[in-house]
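Participant: what follows is a protein structure lacking sequence information:
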Ligand SMILES: Nc1ncnc2c1ncn2[C@@H]1O[C@H](COP(=O)(O)OP(=O)(O)O)[C@@H](O)[C@H]1O
Ligand SMILES: [Mg+2]
């Protein structure tokens, strides 16, 4: 049984349908990428998974539970954490306070795992989030998600607005996060990064999954290189 099993999901906003028959699987301890251009429907899928929007049809099973219609709080309790696009930290609070808020529902105050992953945060626990670089803020947002001890971490546009070197540093931690019991669904416009770090990937185009498979194969696929990686047809 997959950790997350989405089948024929249809969802959108009001009368506008955005996702069409989307099916994806995430296995335990895996990094899976969902890649696609701006506006393809990636964030909408995460919103459907976390109960922020109602789905029209299809199913979402997490550890065998049907999730459709569940409240956001119960989704956290079941073991899903969401690192939203733009991080959404409490900028006036310290790093420690932001992290502890992530652990609040699970009564987790142990910062060890997060600090081991991101030592830079350990040195900045008493700084307000607003004083940190974009990369450190992203580390803090991921750390806050991990504080709820999830079995699945959803990360929306990890690389957005960050320098390539910073992105590499953060992305390098994802396999370690997955291996220690938190599978990662990485949503990215930057397909190169997402395919490089993940084991499997899905390509979403205008709300439909058009390709899927081992990331290594997709990364070397000619049509994907031409469409997304700036390689001219030849
Ligand atoms: N709150 C909303 N209301 C109506 N349409 C929306 C809303 N949010 C996103 N959309 C539309 O849904 C489509 C997919 O958007 P989104 O899921 O944000 O894509 P992505 O995350 O892949 O960039 C876009 O056409 C976008 O305009
Ligand atoms: Mg998005």
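Facilitator: Thanks, I have it. Fair warning: this is a prediction, and the values are worked out from it, not measured in the lab. Numbering: from 1, shown residues only. Ligands and ions are numbered 1, 2, ... in the order given.
Participant: what helix or strand does the closest residue to ligand 2 within the chain sit in?
Facilitator: In the chain, no residue comes nearer to ligand 2 than residue 43, which is 3.2 Å away by C-beta to the ion. C-beta coordinates here come from the backbone N, C-alpha and C atoms, glycine included. Of the helices and strands defined by DSSP states H and E, residue 43 is found in helix 42-49.
Participant: go through that helix and flag the buried ones.
Facilitator: Buried residues in helix 42-49, counting neighbours by 16 or more other C-beta atoms under 10 Å, are found at 42-49.
Participant: could you dump these to CSV with pLDDT?
Facilitator: Listed next are the buried residues of helix 42-49 as CSV, based on pLDDT from 0 to 100:
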residue, pLDDT
42, 97
43, 97
44, 97
45, 97
46, 96
47, 94
48, 94
49, 93
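Participant: which one among those residues gets closest to residue 96?
Facilitator: Minimum distance to residue 96 across the buried residues of helix 42-49 is 26.6 Å, recorded for residue 46 (C-beta to C-beta).
Participant: distance of the closest one relative to residue 90?
Facilitator: 20 Å (C-beta to C-beta, to the nearest Å).
Participant: who touches stretch 98-117?
Facilitator: With C-beta atoms under 8 Å, 6 or more residues apart in numbering as the contact definition, stretch 98-117 has outside contacts at 73, 76-77, 81, 89-90, 93, 96, 121-122, 125, 129, 139-140, 143-149, 173, 176-177, 180.
Participant: can you select the buried ones from the residues you listed in ChimeraX?
Facilitator: Burial among the contacts of stretch 98-117 is assessed by 16+ other C-beta under 10 Å; the matching ChimeraX selection reads:
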select :76,81,89,96,121,125,129,139,140,143,144,145,146,147,148,149,173,177
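Participant: sketch out the low-pLDDT regions of the chain for me.
Facilitator: Filtered on pLDDT under 70, the chain yields the residue ranges 231-234.
Participant: where does it come near ligand 2, residue by residue?
Facilitator: Proximity of the chain to ligand 2, by C-beta under 5 Å from the ion, involves residues 42-43.
Participant: now with 8 Å?
Facilitator: On the criterion C-beta under 8 Å from the ion, ligand 2 has as its neighbours in the chain the residues 38, 42-44, 46, 85, 156-157, 187, 189.
Participant: check those against ligand 1, which are close?
Facilitator: Restricting the residues of the chain next to ligand 2 to those within reach of ligand 1 (C-beta under 6 Å from any ligand atom) leaves 38, 42-44.
Participant: show me the beta-bridge partners of the residue lying closest to residue 175 once chain neighbours are set aside.
Facilitator: Closest residue in space to residue 175, ignoring its immediate chain neighbours: residue 31 at 6.0 Å, by C-beta to C-beta, 6 or more residues apart in numbering. Per DSSP bridges, the residues bridged to residue 31 are residue 184.
Participant: look up phi and psi at the most centrally placed residue in the chain.
Facilitator: Among the residues of the chain, the one closest to the centroid is residue 155, at 2.0 Å (C-alpha atoms, centre = their mean). With angles defined as degrees, to the nearest 10, residue 155 sits at phi -120, psi 120.
Participant: please apply the same query to residue 129.
Facilitator: Residue 129 adopts backbone torsions of phi -60, psi -30, taken as degrees, to the nearest 10.
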